[in-house]
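1. My questions are about this predicted structure, shown below with the sequence.
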Amino acid sequence: MDRDSTFSLLAELLSLRAPSGAEQEFDAYLDRRLAALGVRSDGAGNRIVRIAGRGDGPATALAAHKDEIGAIVKRVSDDGRVRLVAVGDAHPWVWGEGPLDLLVDGGTIPAVLSFGSRHVSAESPQRPAVDGTGGISWRDVWAETKRTAEDLAAAGVRPGTRAVLGAARRLPIRLGSEQEFVAASNLDDRIACAVLLLLAERLTAPAGDVDLVFTSREETGCMGARYYARRSEIDRLVAIEVAPTAVEYGLSAVADPVLVEADVRSTLDHALSEEIAAAARSLSLEPRHVVLDRYASDGSSAYSDGGVGRAACVAIATDNTHGCEIAHLDAVANVTATLELWLAGNAA
């Protein structure tokens, strides 16, 4: 897949709003796109495609999560200001002031994440942050709609309503002298979903049965993958993810696959990681191995629960994780090719 095609696919996926637990827009897209492959859903809202194998290999699941970090309405104040708290690892200082969408039945209500004016004195509560002497948390900001509390209630805005970045802030851009990088909010985990969609098109006869699982509610505890793993007769689960670039991990935004060996939830199956790394090396790629902090995946969560016998996590190196994320476009094709080759051989 060339870079232009990869970018177009990512732009399509990034336009879909799917805050954790309110993923209907992404679900409808998957139901349409994968209908010919017999996509099904389970009780946790996962979307699953089964690719039949030749019969001589272990059953494997590849998991990428479809939900994104977001915010949820805590209350609507008498003055119409909509107060929010995070769903997942969302921070107002990362989002910054700008358009939001409040998701209500039948549509959206536009809003602006607001902090207040900067031209103020100590009489205003935002002055410490303006002076750089105080941090900014969700209690310091609000969603401004310029509607009354009564109007918002009639429109369906209430505690529990989800908020996500507005449509204009979801558009990707390209970076680099050869436009080889993509930048956008919510590449986590749209870039991994792109890999699963490409595999759905390409996998024909893997050694064993393969489930392609678009998991729900990963950002709030990997709930979808844990539910799936407890109810499936799957020997191995491989999460497809983003991996944070940082000096402490010796990782930059390379196009090679990244193997997560351990995170805060579990030490993963090293032999399984090495099988995938060997497939990457056979394609003349240089797989990177990392041990991560403040990170967990569908793979490590299902594994630590005892839901699967073996688990690994293959990832795409990404700058600014949970912010305006940047990744190499070639990484999508490289991870796809690596997993396709590994599944074809399916070494136990």
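-> Structure received. Numbering: from 1, shown residues only.
2. and the closest residue to residue 165 other than its chain neighbours, how many residues sit next to it?
-> Once flanking residues are discounted, residue 165 sits nearest to residue 185: 5.6 Å by Cβ to Cβ, 6 or more residues apart in numbering. C-beta coordinates here come from the backbone N, C-alpha and C atoms, glycine included. The burial count assigned to residue 185 is 22, neighbours taken as other Cβ atoms under 10 Å.
3. Return the distance of residue 185 relative to residue 213.
-> Distance, residue 185 to residue 213, using Cβ to Cβ, to the nearest Å: 24 Å.
4. list the buried ones in the lowest-mean-pLDDT helix or strand in the chain?
-> Using mean pLDDT, DSSP states H and E, helix 127-130 stands out as the lowest-scoring helix or strand of the chain, at a mean of 84. Residues 129-130 are the ones in helix 127-130 that count as buried (16 or more other Cβ atoms under 10 Å).
5. helices or strands next to that helix in the packing?
-> Here helix 127-130 touches no other helix or strand, going by 3 or more Cβ pairs under 8 Å, 6 or more residues apart in numbering; DSSP states H and E.
6. Show residues contacting that helix.
-> 115, 118, 120-121, 134-136, 140 (Cβ atoms under 8 Å, 6 or more residues apart in numbering).
7. Phi and psi next, for the residue lying closest to residue 243 once chain neighbours are set aside.
-> Leaving out its chain neighbours, the residue that sits closest to residue 243 by Cβ to Cβ, 6+ apart is residue 315, at 3.7 Å. Main-chain dihedrals, residue 315, degrees, to the nearest 10: phi -140, psi 170.
8. residues touching residue 315, list them.
-> So residue 315 contacts 192, 240-243, 257-260, 297 (Cβ under 8 Å, 6+ apart).
9. I'd assumed residue 312 was in a strand, is it?
-> Yes: per DSSP: H, G, I helix; E, B strand; the rest coil, residue 312 lies within a strand segment.
10. Model confidence for it, exactly?
-> Residue 312 carries a pLDDT value of 98.
11. Helix, strand, or coil at the residue lying closest to it once chain neighbours are set aside?
-> Ranked by Cβ to Cβ, 6+ apart and with sequence neighbours excluded, the top spatial neighbour of residue 312 is residue 272, at 4.4 Å. Of the three states, residue 272 takes helix under three-state DSSP.
12. tell me the pLDDT at residue 272?
-> pLDDT at residue 272 comes out at 98.
13. Could you do residue 307 as well?
-> Value listed for residue 307 in the pLDDT field: 95.
14. Also residue 156?
-> 97.
15. And for it, the neighbour number?
-> Neighbours of residue 156 using other Cβ under 10 Å come to 14.
16. What of the one 3 residues further on?
-> Around residue 159 sit 11 other residues, with neighbours defined as other Cβ under 10 Å.
17. How about residue 231?
-> Other residues close to residue 231 by other Cβ under 10 Å number 12.
18. Can you name the residues that contact it?
-> So residue 231 contacts residue 42 (Cβ under 8 Å, 6+ apart).
19. how much space between it and residue 213?
-> 12 Å.
20. Residue 265 too?
-> Taking Cβ to Cβ, one finds residue 265 at 18 Å from residue 213.
21. ok, those two, which is more surrounded?
-> residue 213 (29 against 19).
22. Over to residue 258. Which of the three states is it?
-> strand.
23. Let me know how buried it is, in neighbour terms.
-> 28.
24. Now do the buried residues in stretch 69-80.
-> 69-73, 76, 80.
25. Return the subset of those residues lying in strands.
-> Among those, the ones falling in strands (DSSP state E) are 70-73, 76.
26. Of those residues, just say which sits nearest to residue 97.
-> Distances from residue 97 to these, taken as Cβ to Cβ, are shortest for residue 71 (13.8 Å).
27. Residue 95 against residue 113, yeah?
-> Yes: counting by Cβ atoms under 8 Å, residue 113 is a contact partner of residue 95 at 5.8 Å.
28. Domain parsing of the chain, as residue ranges.
-> 3-68+186-345, 70-167 (automatic domain parsing).
29. out of those, which comes closest to residue 175?
-> Using Cβ to Cβ, the domains of the chain put domain 3-68+186-345 closest to residue 175, at 6.5 Å.
30. ends of that closest one, how far apart?
-> 27 Å (Cα to Cα, to the nearest Å).
31. which ones are touching residue 199?
-> 62, 212, 336, 339-340 are the contacts of residue 199 under Cβ under 8 Å, 6+ apart.
32. In terms of helices and strands, where is it?
-> Per DSSP states H and E: residue 199 is located in helix 187-202.
33. name the helices or strands packed onto the following helix or strand past that helix?
-> Scanning forward in sequence from helix 187-202 by DSSP H and E, the next helix or strand is strand 210-215. On a contact count with 3+ Cβ pairs under 8 Å, 6+ apart, strand 210-215 meets strand 47-51, strand 60-65, helix 187-202, helix 223-231.
34. Noted, bye for now.
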